[in-house]
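Undergrad: sequence first, then the predicted structure:
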Amino acid sequence: MLLCIDCGNTNTVFSLWDGERFLCTLRTATEHTRTADQYYVWFSTLLARYRIEPEITDAIISSTVPRVVFNLRVFTDRFFNIRPWVVGKPECLLPHLPRVDQGTNVGPDRLVNTAGAFDRHGGDLIVVDFGTATTFDVVGQDGAYLGGVIAPGVNLSLEALHMAAAALPHVDVTKPDRVIGTNTVACMQSGVFWGYVGLVREICDRIRTEYDRPMRVIGTGGLAPLFAQGDVLFDQIEDDLTMHGLTVIHAYNKENGAI
Ligand SMILES: Nc1ncnc2c1ncn2[C@@H]1O[C@H](COP(=O)(O)OP(=O)(O)OP(=O)(O)O)[C@@H](O)[C@H]1O
Ligand SMILES: CC(C)(CO)[C@@H](O)C(=O)NCCC(=O)O
Ligand SMILES: [K+]
């Protein structure tokens with residue numbers, strides 16, 4: 001059984017893969033001070049609640065926050081006696097090397113999304129991931145990450161409005177009924193919802209213009225279904241794309257890797 005850990009700037013997600021399906025998906029806030037023991041208490045409590053007997057033999061971690069990796073390594077080592085693969089480390093091989101400027105450290109989540117999306121859909125893709133940042137990953141014909149776009153995340157934009165403007169409250173993102181808001185909250189929701197629908201459409205259009213082959217767009221991340229209500233933005237939405245990518249990279253390393 002494979003433990004997949006996707007650590008983003010906001011949330012960390014653990015998922016158990018039994019070789020055929022994910023048995024559970026557990027989510028906790030990303031916090032670099034969380035210790036291995038704390039992870040274990042949280043993890044084992046939820047598994048007991050879902051009546052899952054973990055028989056973990058392997059682990060793979062993707063982390064956009066470098067400093068949390070240490071305690072996650074201690075966690076897999078102490079409680080499962082496992083040394084995890086860590087995406088982005090030299091000993092963790094990728095099915096396709098990214099073709100980017102020298103010295104660029106591509107976010108591991110983007111490399112994982114690329115591997116997951118290529119495995120399911122083949123090449124010539126744009127993967128749009130609505131996380132802390134809204135990222136666009138261009139997947140080449142051969143499956144390599146070719147670059148992309150990083151825009152501010154949806155919740156980050158709303159939070160920035162609230163923080164910077166004394167009269168603007170904290171609001172949640174939602175699809176407003178009308179574009180013209182008749183109260184403050186509705187105005188903010190309209191700005192963010194329709195603003196991001198336009199952002200996604202415009203960036204995908206411009207990527208397509210720069211790229212010389214037809215492309216498909218895959219949406220992922222918690223907010224993808226919401227924005228898909230605003231326009232036809234995606235050919236497909238997949239909520240487990242990052243987790244799937246972790247299983248793909250793990251399988252590749254099992255076959256070709258050194259550990
Ligand atoms: N309608 C909604 N309004 C606000 N948040 C939502 C809504 N639907 C889903 N979400 C949130 O989306 C998030 C899922 O996001 P996802 O895991 O893709 O990225 P993240 O955890 O926010 O960012 P990162 O992966 O960078 O840490 C969850 O926190 C969930 O609460
Ligand atoms: C852009 C984020 C924050 C999205 O999670 C992450 O992929 C990251 O930290 N990337 C590093 C820079 C890059 O991907 O080029
Ligand atoms: K994510």
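TA: Arrived safely. Ligands and ions are numbered 1, 2, ... in the order given.
Undergrad: contacts only, for residue 110.
TA: 127, 129, 135, 137, 145, 148 (Cβ atoms under 8 Å, 6 or more residues apart in numbering). C-beta: built from backbone N, CA, C; applies to glycine.
Undergrad: output these as CSV; include the columns distance to residue 13, pLDDT and secondary structure.
TA: CSV is the format used below for those (distance: Cβ to Cβ, whole Å; pLDDT from 0 to 100; DSSP: H, G, I helix; E, B strand; the rest coil):
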residue, distance to residue 13, pLDDT, secondary structure
127, 17, 99, strand
129, 13, 98, strand
135, 16, 98, strand
137, 18, 98, strand
145, 21, 98, strand
148, 21, 98, strand
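Undergrad: list just the nearest of the residues you listed to residue 87.
TA: residue 145 (11.9 Å; Cβ to Cβ).
Undergrad: returning to what we had before: and the two most separated of the contacts of residue 110?
TA: 129 and 145 (12.6 Å).
Undergrad: between the two, which one's more packed in?
TA: Set side by side, residue 129 and residue 145 show more neighbours around residue 129, with 28 against 25, by other Cβ atoms under 10 Å.
Undergrad: which residue is it, in this protein, that comes closest to ligand 3?
TA: residue 131 (3.7 Å; Cβ to the ion).
Undergrad: count the neighbours of that residue for me.
TA: 24.
Undergrad: enumerate the residues of the protein near ligand 3.
TA: When proximity is defined as Cβ under 5 Å from the ion, the chain approaches ligand 3 at 8, 131.
Undergrad: does residue 14 touch residue 43 like I think?
TA: Yes: counting by Cβ atoms under 8 Å, residue 14 does reach residue 43; the two are 6.3 Å apart.
Undergrad: who touches both of these two?
TA: Shared contacts of residue 14 and residue 43 (Cβ under 8 Å, 6+ apart): residue 26.
Undergrad: between those two, point out the one with more neighbours.
TA: residue 14 (24 against 20).
Undergrad: identify the spatial nearest neighbour of that one, chain neighbours not counted.
TA: residue 26 (4.6 Å; Cβ to Cβ, 6 or more residues apart in numbering).
Undergrad: to what extent is residue 20 buried, counted in neighbours?
TA: 6.
Undergrad: A helix includes it, no?
TA: No: going by DSSP: H, G, I helix; E, B strand; the rest coil, the assignment for residue 20 is coil, not a helix.
Undergrad: OK, contacts around the one residue in the stretch 101-250 of the chain that gets nearest to ligand 1?
TA: Nearest residue of the stretch 101-250 of the chain to ligand 1 (Cβ to the nearest ligand atom) works out as residue 222 at 2.3 Å. Residues near residue 222 by Cβ under 8 Å, 6+ apart: 130, 131, 239.
Undergrad: closest to residue 103 among these?
TA: Residue 103 has its nearest neighbour among the contacts of residue 222 in residue 131, at 23.8 Å by Cβ to Cβ.
Undergrad: distance of the closest one from residue 231?
TA: 20 Å (Cβ to Cβ, to the nearest Å).
Undergrad: just give the number of residues close to the residue in the chain that ligand 2 sits nearest to.
TA: Nearest residue of the chain to ligand 2, counting by Cβ to the nearest ligand atom: residue 107, 1.9 Å away. A count of nearby residues for residue 107, using other Cβ under 10 Å, gives 23.
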